[in-house]
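J.: What shape does this take:
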Amino acid sequence: MKLIRKLEDFPSHLRGGALSIGNFDGVHRGHAHLIERLKAQAVAFGGPAIVFTFDPHPVRLLNQIKAPPPLTWTDRKAELLGMLGVDIVLAYPTNRELLELSHQEFFEQIVEKKLGAQAMVEGPNFFFGKNRTGNTDALRELCDARSIALEIVAPIVVDNEFISSSRVRELLAAGEVELATHMLTQPYRLRGMVTHGAGRGSELGFPTANLSAVDTLVPGIGVYAGKAHVDHTCRWAAIHIGPSPTFGDKSKIEVHILDFSSSIYGRTVEIEFVREIRTSKKFESAAALQVQLHNDINQIRQIAGELSKKVDS
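T.: Presented below is the predicted three-dimensional model:
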């Protein structure tokens, strides 16, 4: 997979492929279904499967207050799309000039002239152009006039629910990370910079990495079993999100990486959420909290063992 961040860097020899335009936030199973059809169109026309996405989401420029927290950062989104078989991810740096283009101008300048698409694949709720004036009917008209194949892919339903980025956000905000994973193509991740905390974790025998500068949605308050990705290695971890009621600390993200002792201050760590194991609560003493932390770690090791057996079976 090739990630391109500037439209002018798009190689002319890659024109003539199949194109899908959208935010693809989270890269969920609905997106995966669309990508399958995109790849089929790319094969049919003998060109690359191309995703055109936006960095940042256009709503963050138009109305930052109403902009939903993203589920993926650009490099992670491109990685996930590449895992699904996309050849090129064009992450267009969203600007006012782009947002002022009418849907006809957007189609002519980008889809037709720059990318030379021979086919397009979109979902039924696709909108494009200034003030979202272009819809699938307008796209059909533009494609038909230029002999560009267009396929509109129906949304995916899981457990009587339509899969959407909005629904994934709701589940994560409620701490329902397992249900969110069921809708995603990969378990949910966030990333952050490791900074110094109060040091209470070390005093209790459970040193934690405190994450700051997190640029995606943070799941709801609670304690989670998860994994920490550091320098291309992956280890199980206990993740606490929220304030520390026992000590009266403000809300934060704390990660205790199992069987790990290296210093990672100032480093970027990616955290993957597997299962919520309990809510956050106030303990009568530090000793009582310490007992609970031992129980949390034992439960996480048990989860790790269970999932390992499923993979091996």
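
J.: use CA for all of it now, contacts and neighbours both
T.: Noted.

J.: moving C-terminal of the helix or strand bottoming out on mean pLDDT in the chain, what's the next helix or strand?
T.: Within the chain, judged by mean pLDDT, DSSP states H and E, the helix or strand with the poorest mean is helix 200-203; its value is a mean of 59. Once the chain leaves helix 200-203, the next helix or strand it forms, by DSSP states H and E, is strand 209-212.

J.: helices and strands around that following strand, which ones?
T.: Helices and strands touching strand 209-212, by 3 or more CA pairs under 8 Å, 6 or more residues apart in numbering; DSSP states H and E, are strand 189-195, strand 249-257.

J.: out of the ones you listed, deepest packed?
T.: Most buried of those by mean neighbour count (mean count of other CA atoms under 10 Å) is strand 189-195; its value is a mean of 20.

J.: Give me the distance between the closest residue to residue 213 other than its chain neighbours and residue 249.
T.: Nearest non-adjacent residue to residue 213, counting by CA to CA, 6 or more residues apart in numbering: residue 192, 5.4 Å away. Between residue 192 and residue 249 the distance, using CA to CA, to the nearest Å, works out to 19 Å.

J.: Then residue 258?
T.: For residue 258, the distance to residue 249 - CA to CA - is 23 Å.

J.: Distance of residue 241 relative to residue 179?
T.: 18 Å.

J.: Between these two, tell me which one has more neighbours.
T.: The residue with more neighbours, out of residue 241 and residue 179, is residue 241; 20 against 14, by other CA atoms under 10 Å.

J.: three-state assignment of that one?
T.: Three-state call for residue 241 (DSSP: H, G, I helix; E, B strand; the rest coil): strand.

J.: picking that back up, so the residue nearest to residue 213 touches residue 217, yeah?
T.: No - with contact defined as CA atoms under 8 Å, residue 192 does not reach residue 217; the gap is 11.5 Å.

J.: want to throw the helices and strands packed on strand 209-212 into TSV with mean pLDDT and distance to residue 281?
T.: TSV is the format used below for the helices and strands packed on strand 209-212 (pLDDT from 0 to 100; distance: least, CA to CA, whole Å):
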stretch	mean pLDDT	distance to residue 281
strand 189-195	96	23
strand 249-257	88	12
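
J.: Which among these is found nearest to residue 89?
T.: Between residue 89 and those, the tightest spacing by CA to CA is seen for strand 189-195, at 19.7 Å.

J.: That closest one packs against which elements?
T.: strand 209-212, strand 268-278.

J.: Burial-wise, tell me which of those strands comes out on top.
T.: The most buried one of the helices and strands packed on strand 189-195 (mean count of other CA under 10 Å) is strand 209-212, showing a mean of 22.

J.: contacting residues around the following helix or strand past that one?
T.: Next along the chain after strand 209-212, taking DSSP H and E as the criterion, comes strand 222-230. Contacting residues not belonging to strand 222-230 are listed as 175, 234-242, 257, 268-280, 300, 303 [CA atoms under 8 Å, 6 or more residues apart in numbering].

J.: what's the angle from strand 222-230 to strand 249-257?
T.: Our comparison of strand 222-230 with strand 249-257, counting by axes from the mean of the first three to the mean of the last three CA atoms, to 10 degrees, yields an angle of 50 degrees.

J.: Please shift the residue numbers so they start at 864 in all later answers.
T.: Sure thing, new numbering starts at 864, so read that last one as strand 1085-1093.

J.: Now do the longest helix belonging to the chain, average pLDDT.
T.: Using DSSP state H, we find that the single longest helix of the chain is helix 1149-1175. Averaging pLDDT along helix 1149-1175 yields 89.

J.: Run the angle between it and strand 1112-1120 for me.
T.: Using the same axes, to 10 degrees: helix 1149-1175 against strand 1112-1120 is 40 degrees.

J.: Give the other helices and strands that helix 1149-1175 contacts.
T.: Other helices and strands packing on helix 1149-1175, by 3+ CA pairs under 8 Å, 6+ apart, are strand 1096-1107.

J.: avg pLDDT for the strand it packs on?
T.: On average, strand 1096-1107 scores 92.
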